[in-house]
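# coords please:
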Amino acid sequence: MIILIAFAFIAGIVTILSPCILPVLPIILSGAAGGGKKKPLGIVTGFVASFTFFTLFLTSLVQAFGVSADTLRIFSVVVLFVFGLSLLLPFVQVWLEKGFTVLSGKVPNRSQSTTFGGGVLIGASLGLLWTPCVGPILASVLSLALTGTVTGSAALITLAYALGTSLPMLAIMIGGQELLRKNTWLLQRTSQIQRGFGVLMMATAVAIFFNLDRQFQSIVLEAFPKYGTGLTKFEENAFVKEQLEDFRQGSDASSKGLLGKPSPVGGDDYGEAPELIAGGEWINSEPMTLAELRGKVVLIDFWTYSCINCIRTLPYLAKWHETYADQGLVIIGVHTPEFEFEKELKNVQTAAKDFGLEYPIMQDNNFATWKAFNNRYWPAKYLIDAEGHIRYFHFGEQGYDETESKIQELLKEAGSMVEETVQVENETYQVYGRTPELYLGYERMQALVFSQKVQKDQAIVYAAPQALPQNTFSLEGEWLVTPEYSQASEGSQLNLSFNAKKVFLVMRTADDSEGSVIVSSNGKELGVISVSQDKLYQVIELEQPGEGRIQLEFLDPNIQIFAFTFG
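Sure thing, here's the model as predicted:
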């Protein structure tokens, strides 16, 4: 843990150089103007406290009080604008000083309380707006915060990161103040410099309010594509990765553990399995309970039918059902939907038929069973013995021989002689996808090219960008972007840059009709996809895995797209 804290501190120091920080640098520079020696200390104090608090608890606050993150962001922008105005207009500064005096209950003392207090408020606002290009260490903390799981270790790592970031920030502000004091020419023009910083700070606040900071980042990255690419490389060594894995496994907030990893109660026994809680209909079976299945070996598979990682595991599940059902194995597919359309019974029934699944499947539309198991993955498999205890789990793909061997072991414990008749020889394969899953609804959209700005829930026309970095996509023509999907207009296009062998796209039509999508690469048409069901479609398969770029043209105005996956 000490190693992670140290690396987080170093990561904080170097983050000041990242392109994501450039838009807010004027606010830091303004700390050198219009205040006493304690103003920089106030700014870093407010920043460290605010960044640490909101990184760890923003998601919990939004869920508990219903105050959106956008509301807090706008409040911070207003605060920064007002402080910029105070540098420009002396009477505003006097008004702020009086306000701090009332709050503190002290006699006005501009060189002491007011500048420090004002700095704290500026820093607190900056901490909420600070969105660094994070590396794997802080990203792990953020993933905990998103699940509402905050540990003491996560707090220490975040605090170390914030303290590291505050050092160069403090150095910039103190250095600026010293430069102003020691240079006679600058000293004579202190009031003009102060007003200039006020204008700069106000302009920065307005730019952030209108999301112009993203466009600025885009311009910088398009002009200097490699700028900032190596800043987090030092976090990616094997030792740090090992420490991160220990951190994730040790960040337990419940009896089942974080990220669905059960805590052993002895040997390979992870305790009694929670009961199934249906959130919809059952397919291929009448409703079941684990209590009724005592004496059987049960494999619980969390899946969703448009997930490519889940789809690749289904042939193995179908094979195990065919091989071991008569010997006491019961496979139950817990269908927990990632997208809203996956909640529809007919869609799940169609998918089960298409994939040849004959074992029982229950809908978990409310995530009730998912939460009972404290699961976090698609796909995830839990093996339950004849006594109702979890004895094995596996997340993601692969591990098929290991899983089948454990099935045989538990069946043998239950009285089956399966090990004498069945050999474990599962087919293995290579997954070539290096591009991560890309979501196309604004709630989880992260890979849209920097130069494009999403207008939420509004149909607008997007212009083609000058450059398209790898693992990003861009929109052209008129698009409606919603929380979960993007909907094309007739003739709209999407460009995608990726690194994989296969590209898949979750699509549906808005009105249950059919739609068509033309797939092209380098100006050459490769084929047409007919969209008639709500499901995952294969877009392209390259002869060899590697970098690729494709363009999709949507011929109909009713096609909704949800997520790209790669293989």
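
# check the secondary structure at S513 for me.
Assigned state for S513: coil (three-state reduction, DSSP: H, G, I helix; E, B strand; the rest coil).

# spatially nearest residue to it, not counting backbone neighbours?
Closest residue to S513 in three dimensions, ignoring its sequence neighbours and counting by C-beta to C-beta, 6 or more residues apart in numbering: N558, at 6.3 Å. Any C-beta I mention is one placed from the backbone N, CA and C, and that applies to glycine too.

# try I172
Excluding the flanking residues, the one nearest I172 by C-beta to C-beta, 6+ apart is I28, at 5.7 Å.

# return the residues in contact with the one you found.
Taking C-beta atoms under 8 Å, 6 or more residues apart in numbering as the criterion, I28 is in contact with 43, 126, 169, 172-173.

# tell me the least confident of those residues?
Taking the contacts of I28 together, the minimum pLDDT is found at L126 (78).

# does it lie in a helix or a strand, and which?
Using DSSP states H and E, the element containing L126 is helix 115-129.

# just checking, what packs against that helix?
Counting contacts by 3 or more C-beta pairs under 8 Å, 6 or more residues apart in numbering; DSSP states H and E, helix 115-129 packs against helix 25-29, helix 38-65, helix 69-88, helix 90-104.

# mean confidence score for the third one?
The average pLDDT for helix 69-88 rounds to 75.

# what angle do that helix and helix 38-65 make?
Comparing the axes of helix 69-88 and helix 38-65 via axes from the mean of the first three to the mean of the last three C-alpha atoms, to 10 degrees yields an angle of 160 degrees.

# give me the helices and strands touching helix 69-88, please.
Counting contacts by 3+ C-beta pairs under 8 Å, 6+ apart, helix 69-88 is packed against helix 38-65, helix 90-104, helix 115-129, helix 190-209.

# lowest-confidence stretch among those?
If those are sorted by mean pLDDT, helix 90-104 sits at the bottom with a mean of 59.

# low-confidence ranges, this protein, go.
Along the chain, segments meeting pLDDT under 70 span 1, 18-23, 31-36, 58-70, 90-115, 131-150, 186-188, 190, 211-267, 418-433.

# state which strand of it is the longest.
Ranked by residue count, the top strand of the chain under DSSP state E comes out as strand 535-554.

# tell me how far that one is from the chain's mean position?
Taking the mean of its C-alpha atoms, strand 535-554 sits 23 Å from the chain's own mean (C-alpha atoms, centre = their mean, to the nearest Å).

# so which bits of it are buried?
Neighbour-count burial for strand 535-554, counted by 16 or more other C-beta atoms under 10 Å, picks out 535-537, 539-540, 542, 545, 548, 550-554.

# likewise for stretch 318-328?
Buried residues in stretch 318-328, counted by 16+ other C-beta under 10 Å: 318, 320-321, 323-324, 327-328.

# can I get those in CSV with secondary structure?
Written out in CSV, the entries for the buried residues of stretch 318-328 read as follows (three-state DSSP):
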residue, secondary structure
A318, helix
W320, helix
H321, helix
T323, helix
Y324, helix
Q327, helix
G328, coil
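
# can you tell me which of the residues you listed is nearest E476?
A318 (40.7 Å; C-beta to C-beta).

# pretty sure the closest one sits against F355.
Yes. Applying C-beta atoms under 8 Å, one finds A318 in contact with F355, separated by 7.4 Å.

# quick revisit: what's the farthest-apart pair in the buried residues of strand 535-554?
The most widely separated members of these, counting by C-beta to C-beta, are P545 and F554 (26.7 Å).

# list the contacts of stretch 380-393.
Stretch 380-393 is touched from outside by 260-262, 268-273, 290-291, 294-302, 313, 328, 373, 394-396, 403, 406-407, 410, 413-414, with contacts defined as C-beta under 8 Å, 6+ apart.

# tell me how this protein divides into domains.
Residue ranges for each domain of the chain read 2-128+136-225, 257-420, 438-566, as given by automatic domain parsing.

# just confirm L475 is within a strand.
Yes. Going by three-state DSSP, the assignment for L475 places it inside a strand.

# any idea how many residues pack against it?
L475 sits with 24 neighbouring residues when counted by other C-beta atoms under 10 Å.

# sorry, back to before: from the contact counts, what lies against the longest strand of the chain?
Using 3+ C-beta pairs under 8 Å, 6+ apart as the contact criterion, the elements in contact with strand 535-554 are helix 345-354, strand 493-509, strand 515-521, strand 524-531.

# try 6 Å this time
Strand 535-554 sits against strand 493-509, strand 515-521, with contacts defined as 3 or more C-beta pairs under 6 Å, 6 or more residues apart in numbering; DSSP states H and E.

# what angle do it and strand 515-521 make?
Using the same axes, to 10 degrees, strand 535-554 lies at 70 degrees relative to strand 515-521.

# list the strands paired with strand 535-554, with their directions.
On the basis of DSSP bridges, the sheet neighbours of strand 535-554 come out as strand 493-509 (antiparallel), strand 515-521 (antiparallel).

# tilt between that strand and strand 524-531?
Counting by the same axes, to 10 degrees, strand 535-554 lies at 130 degrees to strand 524-531.

# and A372, how many residues sit next to it?
Applying other C-beta under 10 Å, I find that A372 has 16 neighbouring residues.

# would you mind measuring from the nearest residue to it once chain neighbours are set aside to V298?
Distances taken as C-beta to C-beta, 6+ apart put P274 closest to A372, at 3.9 Å, once the chain neighbours are dropped. Separation of P274 from V298 (C-beta to C-beta, to the nearest Å) stands at 12 Å.

# of these two, which one has the most company?
Per other C-beta under 10 Å, whichever of P274 and V298 has more neighbours is V298, with 23 against 17.

# ok so, going back, any chance of the buried residues of stretch 318-328 in a markdown table, with distance to V78 too?
Listed next are the buried residues of stretch 318-328 as a markdown table, based on distance: C-beta to C-beta, whole Å:
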| residue | distance to V78 |
| --- | --- |
| A318 | 58 |
| W320 | 59 |
| H321 | 59 |
| T323 | 64 |
| Y324 | 63 |
| Q327 | 67 |
| G328 | 65 |
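
# and these, which is closest to A488?
Distances from A488 to the buried residues of stretch 318-328, taken by C-beta to C-beta, are shortest for A318, at 34.6 Å.

# who's in contact with that closest one?
With contact taken as C-beta atoms under 6 Å, 6 or more residues apart in numbering, A318 is in contact with G356.

# picking that back up, looking at the helices and strands packed on strand 535-554, spot the one closest to E286.
Between the helices and strands packed on strand 535-554, strand 493-509 lies closest to E286; by C-beta to C-beta that is 29.7 Å.

# that closest one: how far from the chain's middle?
Between the centre of strand 493-509 and the centre of its chain there are 19 Å (C-alpha atoms, centre = their mean).

# now do stretch 322-337
When C-alpha coordinates are averaged (C-alpha atoms, centre = their mean), stretch 322-337 and its chain have centres 32 Å apart.
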